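A.B. asks: what shape does this take:
(one chain, ligands or ions: 2)
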Amino acid sequence: MNPFYANMPTTIFEAMSARARATGAINLGQGFPDAQGPRDVLQAAADALFNESNQYPPMSGLPGLRAAVAAHYSAHQGLDLTPDEIIVTSGATEALAASILALVRPGDEVVLLQPMYDSYLPMVRQAGGIARLVNLQAPDWQVTDAMLAEVFNAKTALVVLNTPHNPTGSMLNAQSLAVIADYCRRFDCVALCDEVWEHVVFDGTAHLPLLALPGMRERCVKIGSAGKIFALTGWKVGWICACPALSQAIARAHQFLTFTTAPNLQHAVTYGLGKPADSFTAMHADLQRSRDRLRAALEAAGYAVAPSVGTYFMSIDLAASGLALGDVQFCDETLVDGVAAIPVSAFYAEAPSFNHVRLCFAKSDATLDAAAARLATTR
Ligand code: PMP
Ligand code: GLN
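C.D. replies: Ligands and ions are numbered 1, 2, ... in the order given. Predicted coordinates for the structure are as follows:
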């Protein structure tokens, strides 16, 4: 076996869901909604399954979906992408893997901002890259010039950023994005922008794509996911948007990872992306209510909850809650009390004991209330 994988633990999301299934705990760990997703999008997938071809679609995606992604970003984010700059992938996970494998050469340095999504570091290492880690700081998790000054150098090939941010629910503000853009231009490197949560934002906050900043059109790889936009996480339909030089390089890696993605799901996502602009806000309005409901219940139980302006996630700040134990231990204890949660230390390279615990609030009121009642007993 490749030694790289021999000692690799199972991803925390799978591990926690397995423990939740085994113990019957309410699963607020892995991020997925307990609702079915929009009926019209599901119907479009069912219709396409019977009425359209089920043979291999073109490697870079159905032309209609590539055009729909470009049109969607023009309407929602004012971007000027063309369909040939889009590659459809099997989820954002594959988009990240293909991008990192294609753009990182052995010995290249890659700047990673932690806490970070768990697939980034293994993919960078598999490509032979060297991770340069930046620790974002609570409570705002923003990027400063001083942080990047320490890690950027002539060997930097890539910086990976994620906004809105899993696990903290924060978003990079205009100042952070300007700093990142400045370093990318100065050090001639590419930004891999994981924007899968771009539509899952609350309180009227607007998502800011780095690609829209001056000089970044040729330096950004923007990644999206239909799983997040339509609350259909199992579909695994994602995409890459990048200028021809970058997207053509990434297509070479994509062709030997998955080559293509289920055609009926591509048809359904094409339909979904073309829905009226206000339906995307409406789709996530209930989530803001769910966030507020869980927060209120946790605060009533004496927990300090960190702010969340996007994603399905909020986190309990254990230290601010007056709890002296680490996040892994806390998650072990909540599991005994009947709730699965994710220790935020799982989003760090070295997994230090950390004092934040992530909870997914994309659940029914009854589930959130029951989980909060159980968590009240963990204190
Ligand atoms: N990036 C981030 C930040 C995520 O939160 C997720 C999934 N939760 C992914 C990538 C993977 O997305 P997909 O399911 O489309 O592969
Ligand atoms: N991205 C999801 C989360 O953060 C999980 C995805 C997965 O299980 N691979 O919970």
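
A.B. asks: quick one: residues contacting residue 19.
C.D. replies: Going by CB atoms under 8 Å, 6 or more residues apart in numbering, residue 19 touches 25, 335, 340. Where you see a C-beta, it was placed from the backbone N, CA and C, and this is true even at glycine.

A.B. asks: what is the nearest of these to ligand 2?
C.D. replies: Ranked by distance to ligand 2 (CB to the nearest ligand atom), the contacts of residue 19 are led by residue 340 at 11.0 Å.

A.B. asks: one step back: for the contacts of residue 19, which one is nearest residue 94?
C.D. replies: residue 340 (26.0 Å; CB to CB).

A.B. asks: so the closest residue to ligand 2 within the stretch 151-300 of the chain: helix, strand or coil?
C.D. replies: Relative to ligand 2, the nearest point of the stretch 151-300 of the chain is residue 166 (5.1 Å; CB to the nearest ligand atom). With DSSP: H, G, I helix; E, B strand; the rest coil as the basis, residue 166 sits in coil.

A.B. asks: residues in contact with it?
C.D. replies: Residues counted as contacts of residue 166 (CB under 8 Å, 6+ apart) are 31, 117, 196-197, 311, 313, 347.

A.B. asks: likewise residue 301?
C.D. replies: By CB under 8 Å, 6+ apart, the contact list for residue 301 reads 372, 375-376, 379.

A.B. asks: residue numbers of this protein in contact with ligand 1?
C.D. replies: Neighbours of ligand 1 within the chain, by CB under 6 Å from any ligand atom: 31, 91-93, 117, 162, 166, 194, 196, 225, 227, 233, 236, 238.

A.B. asks: write a PyMOL command that selects only the buried members of these.
C.D. replies: Selecting only the buried entries of the residues of the chain next to ligand 1 in PyMOL, with 16 or more other CB atoms under 10 Å as the criterion:
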select buried, resi 31+91+92+93+117+162+166+194+196+225+227+233+236+238
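
A.B. asks: narrow the residues of the chain next to ligand 1 to those in strands?
C.D. replies: Counting by DSSP state E, the part of these found in strands is 162, 194, 225, 238.

A.B. asks: of those residues, which is the nearest to ligand 1?
C.D. replies: residue 225 (3.4 Å).

A.B. asks: apart from its chain neighbours, what residue comes closest to residue 38?
C.D. replies: residue 230 (5.9 Å; CB to CB, 6 or more residues apart in numbering).

A.B. asks: dump the residue contacts of the one you found.
C.D. replies: Applying CB under 8 Å, 6+ apart to residue 230 gives the contacts 37-38, 41, 269, 272, 283.

A.B. asks: again, only this time at 6 Å
C.D. replies: Applying CB atoms under 6 Å, 6 or more residues apart in numbering to residue 230 gives the contacts 37-38, 41, 272.

A.B. asks: do the same with residue 238
C.D. replies: Counting by CB under 6 Å, 6+ apart, residue 238 has contacts 89, 91-92, 95, 225.

A.B. asks: repeat that with 10 Å
C.D. replies: Counting by CB atoms under 10 Å, 6 or more residues apart in numbering, residue 238 touches 87-96, 196, 223-228, 261, 269.

A.B. asks: burial count for residue 24?
C.D. replies: Around residue 24 there are 8 other residues, counting by other CB atoms under 10 Å.

A.B. asks: just give me the closest of the contacts of residue 230 to residue 60.
C.D. replies: Nearest to residue 60 among the contacts of residue 230, counting by CB to CB, is residue 272 at 19.2 Å.

A.B. asks: from residue 266, how far off is the closest one?
C.D. replies: For residue 272, the distance to residue 266 (CB to CB, to the nearest Å) stands at 11 Å.

A.B. asks: residue 370 too?
C.D. replies: 37 Å.

A.B. asks: same check, this time on residue 163
C.D. replies: Relative to residue 266, residue 163 is positioned 26 Å away (CB to CB).

A.B. asks: kindly report the same for residue 339.
C.D. replies: Remark: distance between residue 339 and residue 266 (CB to CB) = 36 Å.

A.B. asks: need the contact list for the nearest residue to residue 144 once chain neighbours are set aside.
C.D. replies: Distances taken as CB to CB, 6+ apart put residue 179 closest to residue 144, at 6.6 Å, once the chain neighbours are dropped. Residue 179 makes contact with 142-149, 172 under the criterion CB under 10 Å, 6+ apart.

A.B. asks: and ligand 2, which of these contact it?
C.D. replies: Among these, no residue is within reach of ligand 2 (CB under 6 Å from any ligand atom).

A.B. asks: mind giving me the domain split of the chain?
C.D. replies: Residue ranges for each domain of the chain read 3-30+284-378, 39-275, as given by automatic domain parsing.

A.B. asks: can these go into CSV with extra columns for mean pLDDT?
C.D. replies: Converted to CSV, these look like this (pLDDT from 0 to 100):
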stretch, mean pLDDT
domain 3-30+284-378, 95
domain 39-275, 98
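
A.B. asks: tell me the residues of the stretch 151-300 of the chain that contact ligand 2?
C.D. replies: Taking CB under 6 Å from any ligand atom as the contact definition, the stretch 151-300 of the chain meets ligand 2 at residue 166.

A.B. asks: and the helices in the stretch 151-300 of the chain?
C.D. replies: 174-186, 226-229, 244-257, 263-273, 277-300 (DSSP state H, counting those that start in this stretch).
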